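A.B. asks: here is my input, please return the structure:
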Amino acid sequence: MPAKTPPPKTAEQPSFESAIERLELIVAQMENDKLPLEDLLVRYEEGIKLVAVCSEKLDAAEKKITIITRDAAGQPRLEEFEPEEKAAPSQGGGVALF
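C.D. replies: Residues are numbered from 1 along each chain as shown. Here you go, the predicted model:
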């Protein structure tokens, strides 16, 4: 049986922090109305790729998060993190006090 060849190496993904920094720079450059259309398109494409990287890294981090709680006997126990559902916006647009 032939040995499996590893997939070709691609450019290493940036860290979450460096991707966010680069996104902020891209946004600042795109907000400058002096950037030619071709450069805008290049920056936009790069930004979309960086957003995907950030989203992937956040999803992976969310899956790894555990919350330490204590049971009735005071012993620590690990629970998987489950994000809260986003509440649907209330109808009527008013502010509810009670």
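A.B. asks: what's the weakest-modelled helix or strand in the chain?
C.D. replies: strand 66-70 (a mean of 56; mean pLDDT, DSSP states H and E).
A.B. asks: which non-adjacent residue is nearest residue 54?
C.D. replies: Spatial nearest neighbour of residue 54, chain neighbours left out: residue 19 (5.1 Å); criterion: Cβ to Cβ, 6 or more residues apart in numbering. The way it works is simple: take the backbone N, C-alpha and C, and place the C-beta from them, glycine included.
A.B. asks: list the contacts of the helix or strand hosting that neighbour.
C.D. replies: Assigned by DSSP states H and E, residue 19 belongs to helix 16-31. Here helix 16-31 makes contact (Cβ atoms under 8 Å, 6 or more residues apart in numbering) with 13-14, 35, 39-40, 43-44, 46-47, 50-51, 53-54, 57-58.
A.B. asks: got it, and stretch 46-65?
C.D. replies: By Cβ under 8 Å, 6+ apart, the surrounding residues in contact with stretch 46-65 are 13, 14, 16, 19, 20, 22, 23, 26, 27, 30, 81, 83.
A.B. asks: for it, what is the average pLDDT?
C.D. replies: The average pLDDT within stretch 46-65 is 89.
A.B. asks: mind listing what's buried along that stretch?
C.D. replies: Buried residues in stretch 46-65, defined by neighbour count with 16 or more other Cβ atoms under 10 Å: 47, 50, 53, 54, 57.
A.B. asks: could you export those residues as CSV, including secondary structure and distance to residue 64?
C.D. replies: Formatted as CSV, these follow (DSSP: H, G, I helix; E, B strand; the rest coil; distance: Cβ to Cβ, whole Å):
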residue, secondary structure, distance to residue 64
47, helix, 26
50, helix, 21
53, helix, 17
54, helix, 16
57, helix, 11
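A.B. asks: contacting residues for residue 43?
C.D. replies: 26, 29, 30, 35.
A.B. asks: now do the same for the last one: helix, strand or coil?
C.D. replies: Each residue gets one of three states, and residue 35 gets coil by DSSP: H, G, I helix; E, B strand; the rest coil.
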